[in-house]
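S.K.: have a look; sequence and predicted model below, questions after that.
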Number of protein chains: 2
Amino acid sequence: MSQTYQRIALIGLGLIASSIFWSMKRAGHTSHVTGYARSSATRDTARRTGLCDEVFDTAQEAVRDADLVILCVPVGVMGAVAALIAPALKPGATVSDVGSVKRAVIDAVAPCLPDNVHFVPAHPLAGTEHSGPESGFAGLFDNRWCLLVPEVGTDAGAVAKLDHFWQSLGAKVEQMDPDHHDLVLAVTSHAPHLIAYTMVGVADDLSRVTDSEVINYSAAGFRDFTRIAASDPTMWRDVFLTNKDATLEILGRFTEELFALQRAIRTGDGDQLHAYFTRTREIRRGIVEAGQDTDAPDFGRGG
Amino acid sequence: MSQTYQRIALIGLGLIASSIFWSMKRAGHTSHVTGYARSSATRDTARRTGLCDEVFDTAQEAVRDADLVILCVPVGVMGAVAALIAPALKPGATVSDVGSVKRAVIDAVAPCLPDNVHFVPAHPLAGTEHSGPESGFAGLFDNRWCLLVPEVGTDAGAVAKLDHFWQSLGAKVEQMDPDHHDLVLAVTSHAPHLIAYTMVGVADDLSRVTDSEVINYSAAGFRDFTRIAASDPTMWRDVFLTNKDATLEILGRFTEELFALQRAIRTGDGDQLHAYFTRTREIRRGIVEAGQDTDAPDFGRGG
């Protein structure tokens, strides 16, 4: 691979970092990959499982001489981590991240970095509900989007090289404005996650009344909610705190519409319900046609 | 199979009825299966695809001489269909259904039936987001629950025979009180479906602003919502109208909790969010341990 980085540092060794590493191996990258995690248990696991060519006990050591540094830590600590590694960065290096929120990360990270490095924030739209250094796998990014959100004036060569890197891991790459990114993600991901967390919390309250029935008979829409709501608590806490405005705006629209449907149920307005459900069916068709999901039946749905 | 029915009538030929038929074939049932659907297009499709041994143009003809009649129509028309077939039912026959709501079905169907038939309402907790006579398949009910909700005093032999029938299709069978069924399903299925419909509706409104981005970048929790919200509009309209009280009660609790989390986001209370998300993660573990879902990672999740 002509365009690859010679030395890559992964800071934070969870689901995304480990999936980057195994996807690089699958793609035949020959880069030397260094890693760092704050927890010594995570570093031990990484060493034991061969995650990274070299695992360091400090972030500064891990980033030394790296051509690409990817911050794979929760959004809330991106700024602190950037400040920590800044003095050790190699001139000309590219610093990127994988955070689910982009404006807050840019505001926190950019001021910490020296002028002689390129900052190209990124967000791979991929993941599972599992977390930790052993949850990653080659293939996580296959046919998934990776959104790059460089600020105007960022070195075009650095952006193109990172674009190429993500494509080599299987991703489709697109550029987007950071604020627009945060709004789109509030709709497609952040608000749905909060809603799923909430519904599972309600069921959890009720399950104390009805024993394990909620769990036993969870074959239905609810199971998908529990899967979503099993995602990493720290990551999601930070997402909501750092994409506050867009998330609250979408949730405001959501409760407005939910109240309208609740009223339709209360008043027995079947026509309104039917028309609404017919309309939402169409957006699913759009997603299947856009190739973002398959039309294969998913089990366990139904009344 | 010693305990099987000689002649079975399926009234309504959608996802559930067709899955019953193909699951019977897989299990080696030798029963003669008759079918009826209101739409002539559906009847034609059934005849063309070999769905049912015999498809009739009227429900009365289909149920004549049947030992088991299963109503596989939307909950809202169960009563009307029961009234229609009542005069043609064979004495000693068992009438059952597959509706997602049980109290309303019992109240609508039971008064229509003659005293000399057994009424054993049922609800298989299985389905996909697809509908229609070609959407069914053997295996839909494998390891899924089928809840039987006979009223007190129902003939024990008729209940046991239906229990045996559903087990032969792959299901696990349990009995439950109808009102309790409706509350449990409001939590695990009905409220989550309404919430998913609502969130997809909100996104649909916004997608007019942001073009196809909501569809393109839907790799996230949102995709699961669109899948849920693609379910049959008529079926779900009827579910909400007939399980009104339980659904509205759960939605009331849901909005209460959602407002509390929204406030935590607005005030930046990260500890509250983290504690909540940690708690909801546990219920997922319970579901995986209860064997109701696998722990295999699901793709496309993430920020």
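M.R.: The structure has been received and is ready for your questions. Numbers count the residues shown, from 1 in each chain, chains lettered A, B, ... in the order given.
S.K.: just give me the residue right at the centre of chain A.
M.R.: By C-alpha atoms, centre = their mean, chain A has its centre lying nearest to A:Ser100, at 4.7 Å.
S.K.: need the pLDDT of A:Phe225.
M.R.: Turning to A:Phe225, the model gives it a pLDDT of 82.
S.K.: and the helices in the stretch 1-150 of chain A?
M.R.: Secondary structure of the stretch 1-150 of chain A by DSSP state H, counting those that start in this stretch: the helices cover A:15-27, A:40-49, A:59-63, A:78-85, A:103-109.
S.K.: so which of these comes closest to chain B?
M.R.: Nearest of the helices of the stretch 1-150 of chain A to chain B, taken as C-beta to the nearest C-beta: helix A:15-27 at 7.7 Å. Just so you know, the C-beta spots here come from the backbone N, C-alpha and C atoms, and that holds for glycine as well.
S.K.: measure A:Gly127 to chain B for me?
M.R.: Distance of A:Gly127 to chain B, given as C-beta to the nearest C-beta, to the nearest Å: 2 Å.
S.K.: repeat for A:His190
M.R.: 8 Å.
S.K.: can the lowest-mean-pLDDT helix or strand in chain A be said to contact chain B?
M.R.: None of the helices or strands of chain A scores lower by mean pLDDT, DSSP states H and E than helix A:213-216, at a mean of 71. Yes. Helix A:213-216 lies within reach of chain B by C-beta under 8 Å from any C-beta of the partner chain, at A:Glu213, A:Val214, A:Ile215, A:Asn216.
S.K.: and the residues you listed, which is closest to B:Ala196?
M.R.: Among the residues of helix A:213-216 next to chain B, A:Val214 lies closest to B:Ala196 (C-beta to C-beta), at 17.4 Å.
S.K.: quick one: residues contacting the closest one.
M.R.: Taking C-beta atoms under 8 Å, 6 or more residues apart in numbering or on different chains, we find A:Val214 in contact with A:Ala203, A:Asp204, A:Leu206, A:Ser207, A:Phe222, B:Val184, B:Val187, B:Thr188, B:Ile283.
S.K.: circling back: just the CA trace of the least confident helix or strand of chain A, in CSV.
M.R.: Coordinates of the C-alpha atoms in helix A:213-216 are reproduced here as CSV (Å, rounded to 0.1, in the frame of the first residue of the first chain):
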residue,chain,number,x,y,z
GLU,A,213,-41.8,-11.7,32.4
VAL,A,214,-40.5,-8.7,30.7
ILE,A,215,-37.3,-10.5,30.0
ASN,A,216,-39.0,-13.8,29.2
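S.K.: quick one: buried residues of it?
M.R.: Neighbour-count burial for helix A:213-216 flags A:Glu213, A:Val214, A:Ile215, A:Asn216 (criterion: 16 or more other C-beta atoms under 10 Å in any protein chain shown).
S.K.: what separates the second one from B:Thr255, distance-wise?
M.R.: Counting by C-beta to C-beta, to the nearest Å, the gap between A:Val214 and B:Thr255 amounts to 19 Å.
S.K.: what do you get for the third one?
M.R.: In this view, A:Ile215 and B:Thr255 are 23 Å apart by C-beta to C-beta.
S.K.: show me how chain A divides into domains.
M.R.: Listed by automatic domain parsing, the domain ranges of chain A are A:7-176, A:180-289.
S.K.: select, out of those domains, the one closest to B:Asp155.
M.R.: Of all the domains of chain A, it is domain A:180-289 that lies closest to B:Asp155, at 25.4 Å by C-beta to C-beta.
S.K.: buried set for stretch A:40-49?
M.R.: Within stretch A:40-49, the residues that count as buried by 16+ other C-beta under 10 Å are A:Thr42, A:Arg43, A:Thr45, A:Ala46.
S.K.: between which two of those residues is the distance greatest?
M.R.: Greatest spatial distance in those: A:Arg43 and A:Thr45, 7.4 Å, computed using C-beta to C-beta.
S.K.: what sits in contact with each of the two?
M.R.: Contact criterion C-beta under 8 Å, 6+ apart; residues shared by A:Arg43 and A:Thr45: A:Leu13.
S.K.: mind listing what A:Arg279 touches?
M.R.: When contacts are counted by C-beta under 8 Å, 6+ apart, A:Arg279 touches B:Gly201, B:Asp204.
S.K.: on that earlier part again, doesn't A:Pro74 make contact with the residue nearest to the centre of chain A?
M.R.: No. Using C-beta atoms under 8 Å, A:Ser100 is not in contact with A:Pro74, being 9.4 Å away.
S.K.: shared neighbours, these two?
M.R.: With contacts defined as C-beta under 8 Å, 6+ apart, the residues shared by A:Ser100 and A:Pro74 are A:Met235.
S.K.: so A:Asp257 makes contact with B:Thr198?
M.R.: Quick fix: residue A:257 is Glu, not Asp. Yes. If you go by C-beta under 8 Å, A:Glu257 and B:Thr198 touch, sitting 5.0 Å apart.
S.K.: ok, the two, which is more surrounded?
M.R.: Each of A:Glu257 and B:Thr198 has its neighbours counted (other C-beta atoms under 10 Å in any protein chain shown); B:Thr198 has more, 26 against 17.
S.K.: against chain A, how distant is the more buried one?
M.R.: 5 Å.
S.K.: just say helix, strand or coil for that residue.
M.R.: Judged by DSSP: H, G, I helix; E, B strand; the rest coil, the three-state class of B:Thr198 is helix.
S.K.: show me what contacts it?
M.R.: B:Thr198 sits in contact with A:Phe254, A:Glu257, A:Leu258, A:Leu261, where contact means C-beta under 8 Å, 6+ apart.
S.K.: need those residues in TSV (columns: secondary structure, distance to chain B and pLDDT).
M.R.: Listed next are the contacts of B:Thr198 as TSV, based on DSSP: H, G, I helix; E, B strand; the rest coil; distance: C-beta to the nearest C-beta, whole Å; pLDDT from 0 to 100:
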residue	secondary structure	distance to chain B	pLDDT
A:Phe254	helix	5	95
A:Glu257	helix	5	94
A:Leu258	helix	5	96
A:Leu261	helix	6	96
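S.K.: just the buried members of those?
M.R.: Using 16+ other C-beta under 10 Å as the burial test, the contacts of B:Thr198 include A:Phe254, A:Glu257, A:Leu258, A:Leu261 as buried.
S.K.: ok, A:Arg284 - contacts?
M.R.: By C-beta under 8 Å, 6+ apart, the contact set of A:Arg284 is B:Glu129, B:Val200, B:Thr226, B:Arg227, B:Ala229, B:Ala230.
S.K.: could you list the low-pLDDT ranges of chain A?
M.R.: Low-confidence regions of chain A, defined by pLDDT under 70, span residues A:1-3, A:207-212, A:218-221, A:290-303.
S.K.: and the end-to-end length of stretch A:257-276?
M.R.: Stretch A:257-276 has its terminal residues 10 Å apart, counting by C-alpha to C-alpha, to the nearest Å.
S.K.: does A:Thr188 touch B:Phe222 like I think?
M.R.: Yes. In this structure, A:Thr188 is within contact of B:Phe222 by C-beta under 8 Å, at 4.2 Å.
S.K.: of the helices of the stretch 1-150 of chain A, which is nearest B:Lys161?
M.R.: Closest to B:Lys161 of these, according to C-beta to C-beta: helix A:15-27, at 49.3 Å.
S.K.: reformat the buried residues of helix A:213-216 as a markdown table; add distance to B:Val95.
M.R.: Below are these laid out as a markdown table (distance: C-beta to C-beta, whole Å):
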| residue | distance to B:Val95 |
| --- | --- |
| A:Glu213 | 26 |
| A:Val214 | 30 |
| A:Ile215 | 31 |
| A:Asn216 | 27 |
